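1. when you get a sec, could you give me coordinates for this:
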Amino acid sequence: MEPLALLRVTMGLALLLCFAACTESRNFATQDDQDIGNSGTAARATWCIAKPSTDVEKLYHNIDYSCGQAGIDCRAIQPGGSCFRPDNAVSHASVAMNLFYKATGKHPWDCHFNGTGLVVFQNPSVGGCEYAV
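-> Residues are numbered from 1 along each chain as shown. Sure, this is the predicted structure:
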């Protein structure tokens with residue numbers, strides 16, 4: 001795929017995810033809004049995803065960082081893996097960041113990634129790509 005076509009696909013996905021975030025804002029939380037563990041109420045399922053507006057270079061850094069941690073298995077985003085498609089930085093980073101988030105305790109700060117992560121309350125799994133809870 002040509003670089004310009006890849007950029008168009010990536011930007012299209014980013015816009016779609018951004019639109020979903022805007023229209024379903026009640027399902028998203030900021031890092032400052034969350035303290036589920038200390039709220040005295042039942043914990044809700046949460047996932048960590050990449051902010052769609054994040055620079056591609058930062059997303060690849062998040063993938064490298066997350067997948068480089070002990071105990072985190074990123075084979076799902078490798079070619080042939082269950083989360084390889086769609087083949088773009090936002091999708092791959094979201095899977096890797098969620099694996100890190102889950103492995104480190106699912107605290108809001110485990111999804112910060114220098115301001116490039118979002119904690120969500122709606123399962124981001126798509127097709128055969130199951131995000132760990």
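2. for Ala93, what are its contacts?
-> Neighbouring residues of Ala93 by C-beta atoms under 8 Å, 6 or more residues apart in numbering: 50, 54, 59-60, 62-63, 66, 116. (C-beta placed from N, C-alpha, C; glycine too.)
3. quick one: the helices in the chain, in order.
-> Secondary structure of the chain (DSSP state H): helices at 3-23, 56-67, 89-103.
4. looking at the chain, which helix or strand is least sure?
-> Here the helix or strand of the chain ranked lowest by mean pLDDT, DSSP states H and E is strand 28-29, holding a mean of 46.
5. state the distance from Leu118 to Asp73.
-> Distance from Leu118 to Asp73, counting by C-beta to C-beta, to the nearest Å: 22 Å.
6. more neighbours, the two?
-> Leu118 (24 against 9; other C-beta atoms under 10 Å).
7. thought the more buried one was touching Ser53?
-> No. Using C-beta atoms under 8 Å, Leu118 is not in contact with Ser53; the gap is 10.4 Å.
8. worst mean pLDDT among the helices of the chain?
-> The weakest mean pLDDT among those belongs to helix 3-23, with a mean of 52.
9. tell me who's in contact with Gly81.
-> By C-beta under 8 Å, 6+ apart, the contact set of Gly81 is Arg75.
10. and the gap between it and Ser53?
-> Counting by C-beta to C-beta, the gap from Gly81 to Ser53 is 25 Å.
11. how close does the nearest residue to Phe84 once chain neighbours are set aside sit to His92?
-> What sits nearest to Phe84 in space, not counting adjacent residues and going by C-beta to C-beta, 6 or more residues apart in numbering, is Ile77, at 5.9 Å. Distance of Ile77 to His92, computed by C-beta to C-beta: 4 Å.
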